[in-house]
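Asker: Provide a 3D model corresponding to the input given below.
(4 chains)
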There are 2 protein chains.
Amino acid sequence: MGVTKTALFDVEQNELAVLAKALAHPARIAILQHLAATTSCINGTLVQELGLAQATISQHLRKLKELGLICGSIEGTSVNYCLDRKRWEEVRLLFQDFFAPLADNSEDTLCC
Amino acid sequence: MGVTKTALFDVEQNELAVLAKALAHPARIAILQHLAATTSCINGTLVQELGLAQATISQHLRKLKELGLICGSIEGTSVNYCLDRKRWEEVRLLFQDFFAPLADNSEDTLCC
DNA sequence: TAAATTTATCGTAATATTACGATTGATATG
DNA sequence: CATATCAATCGTAATATTACGATAAATTTA
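Answerer: Below you'll find the model as predicted:
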């Protein structure tokens, strides 16, 4: 036990959950915000800015890379990371669609 | 070790991460989608629909309740759950703002 | 080539999450 | 009141996540 029962849910539900998991850590939120603001950065910069160990940052970057949210290109001895804007837009729309259904009929309060 | 270093990040980053964690499981996505579609439901219905054990569903519901996304009102021997629409809207805007910064300038591709 | 610099990966410890059976507590019904 | 019904909680096992030191791999520079 202790393992998510992926088979019980549909593709969209699993995809959303996996993406949410990628956002489920303040360091990864911070990394993405930083990339969105500066259009690029290197691992070393993040280590100084975030205050986590180099190995830890690298681990977070790998997770974001696995989901296609970012990519890195080697530049000398360092690596230049940036957002994958196409993927970013894709994910943005997925979350938008998830939250949309309730955006309009907010007048009837039901049990809350 | 193994515990998230919350103190290193600002309030918004931590809040987003905590909310993302709430969405980081397909069962909770499914529950929220269901509540958004039907305006209310009971634990028992979800047990049948999702195929997870009653205790597991209850655990997921508690997590969503803790974040204020849903609430339940007792109705006989069962509990009627529904979305907290005000909170839902709040969270929707938080994610919208998070994804917004990159929504426009998608023409320059950089390293990706 | 040797040393320095930078990132990735390995190994490991601490903690969190997921899942479920069993039990408890609360309300309805006979 | 006894029993049935339904959800919450407890206890526990399996797995995942987070963090970091140490080491490896790759590239630049002296």
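
Asker: From what I see, A:His25 and B:Leu16 are in contact.
Answerer: No: using C-beta atoms under 8 Å, A:His25 makes no contact with B:Leu16, being 9.8 Å away. Using the backbone N, CA and C atoms, a C-beta is placed for each residue, glycine as well.

Asker: how about stretch A:52-64: buried residues?
Answerer: A:Leu52, A:Ile57, A:His60, A:Leu61, A:Lys63, A:Leu64 (16 or more other C-beta atoms under 10 Å in any protein chain shown).

Asker: Just name whatever secondary elements the helix or strand the third one falls within is in contact with.
Answerer: With secondary structure defined by DSSP states H and E, A:His60 is part of helix A:54-66. Judged by 3 or more C-beta pairs under 8 Å, 6 or more residues apart in numbering or on different chains; DSSP states H and E, helix A:54-66 is in contact with helix A:26-38, helix A:43-50, strand A:70-75.

Asker: CSV please, covering those and showing mean pLDDT.
Answerer: Formatted as CSV, these follow (pLDDT from 0 to 100):
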stretch, mean pLDDT
helix A:26-38, 94
helix A:43-50, 91
strand A:70-75, 92
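
Asker: from those, which stretch is densest packed?
Answerer: Mean neighbour counts were compared across the helices and strands packed on helix A:54-66 using mean count of other C-beta atoms under 10 Å in any protein chain shown; the top stretch is helix A:26-38, at a mean of 20.

Asker: near DNA strand D, anything from the helix or strand of chain A with the lowest mean pLDDT?
Answerer: Within chain A, confidence by mean pLDDT, DSSP states H and E is lowest for strand A:41-42 among all helices and strands, at a mean of 84. No: contact of strand A:41-42 with DNA strand D (C-beta under 7 Å from any atom of the strand) is absent, the minimum separation being 13.0 Å.

Asker: Direction included, what does that strand pair against?
Answerer: Looking at strand A:41-42 with DSSP bridges, its partner strands are strand A:78-83 (antiparallel).

Asker: who's in contact with the partner strand?
Answerer: By C-beta atoms under 8 Å, 6 or more residues apart in numbering or on different chains, the surrounding residues in contact with strand A:78-83 are A:32, A:35-36, A:39-44, A:61, A:69-74, B:102, B:110-112.

Asker: Give me the buried stretch members for that strand, please.
Answerer: Buried-residue list, strand A:78-83, by 16+ other C-beta under 10 Å: A:Val79, A:Asn80, A:Tyr81, A:Cys82, A:Leu83.

Asker: Can you identify the element that follows it toward the C-terminus?
Answerer: Counting by DSSP H and E, the next helix or strand C-terminal to strand A:78-83 is helix A:85-99.
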